[in-house]
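# Structure here, sequence nowhere to be found:
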Ligand SMILES: Nc1ncnc2c1ncn2[C@@H]1O[C@H](COP(=O)(O)OP(=O)(O)O)[C@@H](O)[C@H]1O
Ligand SMILES: [Mg+2]
């Protein structure tokens, strides 16, 4: 059943990835005479108070988090997993040093770290994605490190070595892919959700994140807030989209639960 | 045949403490040599040293290993440079010297089915016939292939590990207490399986702490105590109680007390 969650999530992400290449006139053109309309066949979710189509803006807004969210995941994956895996498998000084680095970095709250980076390097979506991805490295790294360190001494690793399996294959295929794959997947989904919430929060706070006239679900909420009733589609739609996407990441994550083994 | 594995002067240390003192051992094709000793006497360390898998600091400090198979001869460095050792042992592990672990349940990857693991071991040996022939040889039903390790009983898990050893086709097999923790009813057939392997020409080092089990199965018995091989004899001699070293004496007496008079 959670396959449904994966499919829906993939659809949302795909929309977000292709959106920047589309023609978004309906989402961007201000038409004062059509401001604040309710739903109609021409505008299924109505228009905002500048007369822009809400449905179109809702779709375009997925590009605010899809690409950068994936980039953040890639950054965390590439920085954390190989470092943690190799140092946990080798142990010794390298292991202790890596562990120490992860722990020290983890002591700085993630949100603070991200704000710090943004205030120094600006707040383009790419910078935000890199900062969020990097800020997640200690969390993901520690999780992978801990598991591989525990499994390294297991009898089955020794047995694989004794059968003549190459060390690299044991580490990357057996320990990282088979034994940590789901763990890493769950972390990356959580990170993607975190990026979505963070981007929304920053747009909501204003001054950071995606800015008007470009839509994000966060700034769509802010922009219409107080101008219409809470149950109006123009306000309800971005809120529901946000909640539903987070629920999807959570649902998809459930399919990555650990296989039971005695 | 003439294949033979010779270990001489093995010394293993943890820091300044010597865990294994100058152990010599000879294993010929087609024989079962039992390595008997109390827990903590250094049996596992000796076996692991022969696979280059001692992960203690400094580990193996002395010793030579020489393996002759057909007209090929291997002499992997047991101590010294890590990389050279790793490279030398990678050509030996599995292909020449195999390993039968003690706790079979834990020696299988918990996340992959039995079939995939046995099939993979067969592929390591360059065989593409999948897991089924090997499971069958080890006395398991084909349906076992689809199971995960936690769905196996202790005896079945041990048979799976034996199937892996068969699929790997090692010339020598180091069996580290392969039946410890199993019911006596399961133990006998598994040990017979070892005998079959030896009869097919595999040289087996069978580690056990059960002196009684060696009778009728092992060709020779080495008794190990506190990191030393203190007695090299046969099961029949042990049975008659004619041993020279105090440590072997103690082992025989202890076994007699349990068995009520006879070593068997
Ligand atoms: N990793 C290790 N570090 C330090 N000492 C060890 C280590 N592994 C084993 N030893 C010690 O070496 C001795 C022999 O161990 P082992 O070969 O496992 O005995 P056994 O005969 O029961 O198989 C024991 O005293 C044990 O405490
Ligand atoms: Mg042992």
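Thanks, I have it. Being a predicted model, the structure only gives us computed values, none of them experimental. Ligands and ions are numbered 1, 2, ... in the order given.

# who's in contact with residue A:241?
Contacts for residue A:241 were tallied using CB atoms under 8 Å, 6 or more residues apart in numbering or on different chains; they are A:58, A:61, A:217. C-betas here are computed from N, CA, C, even on glycine.

# Buried ones from these, can you make that a ChimeraX selection?
Command for ChimeraX, covering only those of the contacts of residue A:241 found buried under the criterion 16 or more other CB atoms under 10 Å in any protein chain shown:
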select /A:58,61,217
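
# Which residues are in contact with the residue nearest to residue A:38 when sequence neighbours are not counted?
Across the structure, with CB to CB, 6 or more residues apart in numbering or on different chains as the measure, the residue nearest residue A:38 apart from its sequence neighbours is residue A:46 (4.9 Å). Remark: with contacts taken as CB under 8 Å, 6+ apart, residue A:46 is in contact with A:36, A:37, A:38, A:39, A:40, A:54, A:232, A:233, A:234.

# Relative to residue A:24, how far out is the fourth one?
Which is residue A:39. In this view, residue A:39 and residue A:24 are 20 Å apart by CB to CB, to the nearest Å.

# Who has more neighbours out of those two?
Neighbour totals were compared for residue A:39 and residue A:24, and residue A:24 leads with 19 against 16 (other CB atoms under 10 Å in any protein chain shown).

# Check the spacing between the closest residue to that one other than its chain neighbours and ligand 1 real quick.
By the measure of CB to CB, 6+ apart, the closest residue to residue A:24 outside its immediate chain neighbours is residue A:60, 5.1 Å from it. From residue A:60 over to ligand 1 the distance is 60 Å, taken as CB to the nearest ligand atom, to the nearest Å.

# now do residue B:244
In this structure, residue B:244 and ligand 1 are separated by 21 Å, where distance is defined by CB to the nearest ligand atom.

# before we move on, what about residue A:202?
As judged by CB to the nearest ligand atom, residue A:202 and ligand 1 stand 51 Å apart.

# ok so residue A:239 is a strand residue?
No: looking at residue A:239 with DSSP: H, G, I helix; E, B strand; the rest coil, it is helix, so not inside a strand.

# Could I get the contacting residues of it?
Residue A:239 makes contacts with A:217, A:221, as judged by CB under 8 Å, 6+ apart.

# And the pLDDT for it?
Among the per-residue scores, residue A:239 shows a pLDDT of 92.

# With the one 5 residues further on instead?
Here, the pLDDT recorded for residue A:244 equals 96.

# first vs last residue of stretch A:119-127, how far apart are they?
Across its full length, stretch A:119-127 reaches 10 Å between end residues, using CA to CA, to the nearest Å.

# Quick one: distance of stretch B:168-182 to the chain centre.
When C-alpha coordinates are averaged (CA atoms, centre = their mean, to the nearest Å), stretch B:168-182 and its chain have centres 4 Å apart.

# Check the secondary structure at the residue in the stretch 101-250 of chain A positioned nearest to chain B for me.
Among residues of the stretch 101-250 of chain A, the one nearest chain B by CB to the nearest CB turns out to be residue A:164. It sits 2.7 Å away. Here residue A:164 takes the coil state, with states given by three-state DSSP.

# That one and residue B:99 touch, don't they?
No: using CB atoms under 8 Å, residue A:164 is not in contact with residue B:99; the gap is 9.7 Å.

# More neighbours: the two, which one.
Legend: neighbour count by other CB under 10 Å for residue A:164 and residue B:99, higher for residue B:99 (30 against 23).

# Does the more buried one belong to a helix, a strand or coil?
Taken by three-state DSSP, the conformation at residue B:99 corresponds to strand.

# what sits against it?
Residues in contact with residue B:99 (CB under 8 Å, 6+ apart) are A:158, A:159, A:162, A:163, B:47, B:51, B:93, B:165, B:173, B:174, B:175, B:176.

# Who are the contact partners of the closest residue to ligand 1 within the stretch 51-200 of chain B?
Taking CB to the nearest ligand atom, ligand 1 has its nearest neighbour within the stretch 51-200 of chain B at residue B:56, 4.4 Å off. Neighbour list for residue B:56: B:12, B:13, B:14, B:19 [criterion: CB under 8 Å, 6+ apart].

# Any residue of the helix or strand harbouring the second one touching ligand 1?
Element membership for residue B:13, per DSSP states H and E: strand B:4-14. Yes: for strand B:4-14, a contact with ligand 1 is found by CB under 6 Å from any ligand atom, at residue B:14.

# what sits against the closest residue to residue A:75 other than its chain neighbours?
The shortest distance from residue A:75 to any residue other than its chain neighbours is 2.8 Å, reached at residue A:133 (CB to CB, 6+ apart). The neighbours of residue A:133, taking CB under 8 Å, 6+ apart as the test, are A:71, A:72, A:73, A:74, A:75, A:76, A:79, A:191.

# Quick one: classify the nearest residue to the third one once chain neighbours are set aside as helix, strand or coil.
Think residue A:73. If you skip the residues right next to it in sequence, residue A:73 has residue A:188 as its closest partner in space, 4.6 Å away by CB to CB, 6+ apart. Reduced to three states with three-state DSSP, the structure at residue A:188 is helix.

# For residue A:188, which residues are in contact?
Residue A:188 makes contacts with A:73, A:76, A:77, A:140, as judged by CB under 8 Å, 6+ apart.

# Which pLDDT does the model give it?
Per-residue pLDDT puts residue A:188 at 97.

# now it: how far from residue A:76?
Taking CB to CB, one finds residue A:188 at 7 Å from residue A:76.

# next one: residue A:96
Counting by CB to CB, the gap between residue A:96 and residue A:76 amounts to 22 Å.

# Between these two, point out the one with more neighbours.
More crowded of residue A:96 and residue A:76, by other CB under 10 Å: residue A:76, with 24 against 11.

# Let me know the secondary structure of the more buried one.
When the structure is reduced to helix, strand and coil (three-state DSSP), residue A:76 reads as helix.

# my guess is it meets residue A:191, correct?
Yes: look at residue A:76 against residue A:191 with CB under 8 Å: they come within range, at 5.8 Å.

# Mutual contacts of the two, please.
Common neighbours of residue A:76 and residue A:191 (criterion: CB under 8 Å, 6+ apart): A:133, A:136, A:140.

# helix or strand for the last one, which one?
Just to be clear, that refers to residue A:140. Residue A:140 is part of helix A:125-152 when elements are defined by DSSP H and E.

# Figure out how far that helix is from the centre of its chain.
Taking CA atoms, centre = their mean, the mean C-alpha location of helix A:125-152 is offset from the chain mean by 13 Å.

# hmm, that helix in reach of ligand 1?
No: Helix A:125-152 stays clear of ligand 1 (CB under 6 Å from any ligand atom), getting no nearer than 12.8 Å.

# list the buried ones in that helix?
If you call a residue buried by 16+ other CB under 10 Å, then helix A:125-152 has these buried ones: A:125, A:127-145, A:147-149, A:151-152.

# Check stretch B:221-235 too.
Of the residues in stretch B:221-235, those buried by neighbour count under the rule 16+ other CB under 10 Å are B:221, B:222, B:223, B:224, B:225, B:227, B:228, B:229, B:230, B:231, B:233, B:235.

# ok, the most centrally placed residue in chain A to residue B:172 distance?
Centroid-nearest residue in chain A: residue A:192, 1.3 Å away (criterion: CA atoms, centre = their mean). When distance is defined by CB to CB, residue A:192 is 51 Å away from residue B:172.
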